[in-house]
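In: Quick one, what's the 3D model for this:
(2 chains)
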Amino acid sequence: MAVTAAASEYALEVIDLKKAFGGLVVTQDVSLAIRPGERRLIIGPNGAGKTTLFNQISGDMRPNSGQIKLFGAEITRLAPYERTHFGLSRTYQIITLFAGDTLEHNVTLGLLGLRPQRWQMWRPLSFYGDMATEARRTLDAVGLLHLAAHPVSDIAYGEKRRVELAMALAQKPRVLLLDEPLAGLSNTERSTVKSLIASISRQTAVVMIEHDMDTALDLAETVTLLDYGRVIVDGERDAVIADARTREVYLGN
Amino acid sequence: MKWLAAILLAALLVLLPFCSGDFYINLASQILIAAIFALSLNLLVGYGGMTSLGHASYLGVAAYISALLTSRYGWGHGPAAVISLAGTTAMAACFGVIALRATGLGFLMITLALSQVLWGLAYRMSDVTNGDNGIAGLTRPMPFGISLNGPAAFYWFTLIVAITAFVMMAIFVSSSFGSTLKGVRDQPRRMAALGFNPWMIRWITFVYAGFWGGVSGLLYVYYNKYIHPASLSTTSSAEALLGVIAGGSGTLGGPMVGGALVLLLKNYASAYIERWNMLLGLIFLFIVLVMPTGIVPGLSKLLRRGWR
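Out: A predicted model of the protein is given here:
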């Protein structure tokens, strides 16, 4: 694996990414550059290829061509779990939690994923008190400490969204991909999750797909507009909103 | 409470030969062997979500290696057992690489195909395996000079191995690694996103299950002093799988109960009804309809309800 060790000024770089399912091109020459600690919002109509782009960045899908770099290191061909060890974490649009296990266990798995103890074959997970403490601290940060001992199947939808977030945050990623973190939430839950995302450490660059423009635009510094798998507009938030093409593609319909 | 029950059960198991006849002692040995086999299969099916229809391969190959080395090449039982287990584990390592290219139904079909290859070999390579005649006239080992030819002695030997196997597998599934295994069963994609290598987790479990399958195979051949290609057949794999599911996959007690049930039906019911398979089918149907999660989880749920 030839990793270019040169420190990059970008946390995440996507260069000329292409992906097609047969004749249907879903990602066309997409290039992005996200700085450390940046807050980037990715918008676009349904079917614009936003989640497909995320899936390629996280490694769930292989691009046909192009490059993906994390802090200058090429990760295009790495398996998803290897990218996580490079400091990349993600959440899913559709809730993907361990329903029968407690909230604490869910978050602990997030911690365990980056630690060598994940190969431990004779000591139970509960042996590692430090991980439990850390998991509870993260649950506290998302306001769910009082439910730590409850199984995920017992809690409300909005709370599950926050567990999703807690699992990713527990890993202290350098780049965090959030796929519609506000989807299906009530107004109160929305503002809770919004302030949660706003409080994420500046050590972490956040890239977010979100349809709820009112809430998401407040969180974003930069915005990328995708349509038919292409980057239409890309830049500072206010400039992108003011752009005529944005109105045409997204706000117009 | 739980510990008291465990100690009571252990005492009962140890003292069993003093209060029953040879027939039942032998039956108990067979149940223990079936229980180890079912427990090892359950690592794959219950904890790993890998439904295998070829687990008899490990039982059969371990048995054949030991039988060949001791009878044909005159090896002692000690080294034969070591080579047999090492060989079976190595085979599991190779089979795992092949079968784990797929998951779900694909995985099941590959395990089935691989076990059919071995079954075919055992049948057709008759100059080595003696084909359909099987290999007869085998002996039992004499650990520390103790003869295992009596039913009670063999039973205690099997009990020691079975308890070791149970404890080792219980530790495995409740360890950190066991938690990741269950995670990969429930949400493989999420586990990969969290930094776990799902393939490696599955493969290690596959090899570990193969090893304990081999252990049960050794006991199997020691008990029967005979080995036949039927031990490698799909029927043999399917019966064990049925036992695991009927007893309750993903629990430690379930496969033991299920394995015992299948064995009892096979040995007992077949004396009265020629079509004992039909009876097994009906009982299985009943269990699936009444207790879809299996006997052990079903009964414990019933007990908890009765308690209140």
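In: Does stretch B:43-61 reach chain A?
Out: No. Against chain A, stretch B:43-61 shows no contacts by CB under 8 Å from any CB of the partner chain, the least distance being 12.0 Å. No exception for glycine: its C-beta is placed from N, CA and C like everyone else's.
In: Quick one: mean pLDDT for that stretch?
Out: In this model, stretch B:43-61 has a mean pLDDT of 95.
In: Can you dump the C-alpha atoms of that stretch in PDB for me?
Out: C-alpha atoms of stretch B:43-61 as PDB (Å, rounded to 0.1, in the frame of the first residue of the first chain):
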ATOM      1  CA  LEU B  43     -20.900 -21.100  17.600                       C
ATOM      2  CA  LEU B  44     -21.500 -20.700  13.900                       C
ATOM      3  CA  VAL B  45     -25.300 -20.900  13.700                       C
ATOM      4  CA  GLY B  46     -26.400 -19.200  16.900                       C
ATOM      5  CA  TYR B  47     -23.600 -16.700  17.700                       C
ATOM      6  CA  GLY B  48     -22.200 -16.100  14.300                       C
ATOM      7  CA  GLY B  49     -25.300 -16.200  12.200                       C
ATOM      8  CA  MET B  50     -23.500 -18.600   9.800                       C
ATOM      9  CA  THR B  51     -25.900 -21.500   9.100                       C
ATOM     10  CA  SER B  52     -23.700 -24.500   8.100                       C
ATOM     11  CA  LEU B  53     -25.000 -27.700   6.600                       C
ATOM     12  CA  GLY B  54     -21.600 -29.300   6.600                       C
ATOM     13  CA  HIS B  55     -20.500 -29.500  10.200                       C
ATOM     14  CA  ALA B  56     -20.300 -33.300  10.200                       C
ATOM     15  CA  SER B  57     -17.100 -32.800   8.200                       C
ATOM     16  CA  TYR B  58     -15.100 -31.900  11.300                       C
ATOM     17  CA  LEU B  59     -16.600 -34.800  13.400                       C
ATOM     18  CA  GLY B  60     -16.000 -37.300  10.500                       C
ATOM     19  CA  VAL B  61     -12.500 -36.200   9.500                       C
END
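In: Show me the strands in the stretch 101-250 of chain A, by range?
Out: Per DSSP state E, counting those that start in this stretch, the stretch 101-250 of chain A carries strands over the ranges A:175-179, A:205-209, A:222-227, A:230-236.
In: got a markdown table for these, with mean pLDDT and distance to chain B too?
Out: As requested, those are exported to a markdown table (pLDDT from 0 to 100; distance: least, CB to the nearest CB, whole Å):
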| stretch | mean pLDDT | distance to chain B |
| --- | --- | --- |
| strand A:175-179 | 95 | 9 |
| strand A:205-209 | 95 | 15 |
| strand A:222-227 | 92 | 22 |
| strand A:230-236 | 90 | 25 |
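In: and those strands as TSV, adding mean neighbour count?
Out: Below are the strands of the stretch 101-250 of chain A laid out as TSV (neighbours: other CB atoms under 10 Å in any protein chain shown):
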stretch	mean neighbour count
strand A:175-179	24
strand A:205-209	24
strand A:222-227	23
strand A:230-236	17
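In: do you know which of the ones you listed lies nearest residue A:49?
Out: Ranking the strands of the stretch 101-250 of chain A by proximity to residue A:49 (CB to CB) places strand A:222-227 first, at 5.8 Å.
In: Alright, that wraps it up for me.
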